[in-house]
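> Fold the following.
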Amino acid sequence: MLACLSGGLIALSGCGDGSEDETQEGATLAIYSSFPYQGPPRSISTSTSNGIRLALDQVQHRVGKFELKYVPMDDSTVQAANWTPEATSANARRAAQDEAAIAYIGEFNSGATAISLPILNEAGIPQVSPSNTAVGLTTDEPGSSEGEPDKYYPTGKRTFVRIVPKDTIQGTALATLMKEDGCANVFIINDKEVYGAGLARNLERSAAQLGIAVLGNSGIDPRAPNYRAVAARLGVSTRRPHVLRRLREGLRGLQP
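Next comes the predicted model:
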């Protein structure tokens, strides 16, 4: 991710139309990041931010003739213990309104990028994600939703890159493992967010292609107080607490 960003910064430092208001030598440029520092993703977000700081330290916070400033932001809240649309859009607007901003690293969650990307695209700020896998952010392949990916790029220019494979790869890998493990039937549960719903669609498609019977693909609320209704839908007896406990742990472990 940082190598990709460094290449972009070097290219940006050579840009300009020669006008008088072109960024002058010695100017400070800002690199923003946006990750969730509340809830389960906190440790990954902290490690990623530390990696950005280390990379900038190694180049003495400079690229070409410019000084680099790092501005980390939190797209989560204590109450939600995860990212929120409000915090994400506020972060993107903050970067978009900063004339010194030249790069935005984030989001951690695909659903968050679906919110920040159009804002940053309009501002012409390159965005790099270390973790987004949702298909529709970059392509209209199976697993995407109507209007994707064009709706994320109002300028018509692509300004986003991810450094991990999209969910068509992950869905195929999951279905292949199921097949190898002898799974004949699968009921898919997703959290209805951009990442979860998209991956579920890709898994459903890949599983069917491999001859695995898909008994259902249902969206649920991962923050529900209990999952008895989900268990009943799956035909799991609510009198088997160990099964319900494992189901609850699995559902609450879903990361959008």
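> From one end of stretch 28-42 to the other, what's the distance?
The first residue of stretch 28-42 is 29 Å away from its last residue (Cα to Cα, to the nearest Å).
> Looking at it now, give me its mean pLDDT.
Per-residue pLDDT over stretch 28-42 has a mean of 96.
> What residues of that stretch count as buried?
By neighbour count on 16 or more other Cβ atoms under 10 Å, the buried set for stretch 28-42 is Leu29, Ala30, Ile31, Tyr32, Ser33, Ser34, Phe35, Pro36, Tyr37, Gln38, Pro41, Arg42. C-beta: built from backbone N, CA, C; applies to glycine.
> Kindly report the same for stretch 53-72.
Buried positions in stretch 53-72, judged by neighbour count with 16+ other Cβ under 10 Å: Ala55, Leu56, His61, Val63, Phe66, Leu68, Tyr70, Val71, Pro72.
> Including pLDDT and distance to Pro154, could those residues go into JSON lines?
Shown next, in JSON lines, are the buried residues of stretch 53-72 (pLDDT from 0 to 100; distance: Cβ to Cβ, whole Å):
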{"residue": "Ala55", "pLDDT": "96", "distance to Pro154": "30"}
{"residue": "Leu56", "pLDDT": "97", "distance to Pro154": "30"}
{"residue": "His61", "pLDDT": "96", "distance to Pro154": "32"}
{"residue": "Val63", "pLDDT": "91", "distance to Pro154": "28"}
{"residue": "Phe66", "pLDDT": "95", "distance to Pro154": "28"}
{"residue": "Leu68", "pLDDT": "97", "distance to Pro154": "28"}
{"residue": "Tyr70", "pLDDT": "98", "distance to Pro154": "27"}
{"residue": "Val71", "pLDDT": "98", "distance to Pro154": "24"}
{"residue": "Pro72", "pLDDT": "98", "distance to Pro154": "26"}
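> now those in JSON lines, with secondary structure and distance to Trp83?
Listed next are these as JSON lines, based on DSSP: H, G, I helix; E, B strand; the rest coil; distance: Cβ to Cβ, whole Å:
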{"residue": "Ala55", "secondary structure": "helix", "distance to Trp83": "23"}
{"residue": "Leu56", "secondary structure": "helix", "distance to Trp83": "24"}
{"residue": "His61", "secondary structure": "coil", "distance to Trp83": "28"}
{"residue": "Val63", "secondary structure": "strand", "distance to Trp83": "29"}
{"residue": "Phe66", "secondary structure": "strand", "distance to Trp83": "30"}
{"residue": "Leu68", "secondary structure": "strand", "distance to Trp83": "25"}
{"residue": "Tyr70", "secondary structure": "strand", "distance to Trp83": "20"}
{"residue": "Val71", "secondary structure": "strand", "distance to Trp83": "17"}
{"residue": "Pro72", "secondary structure": "strand", "distance to Trp83": "14"}
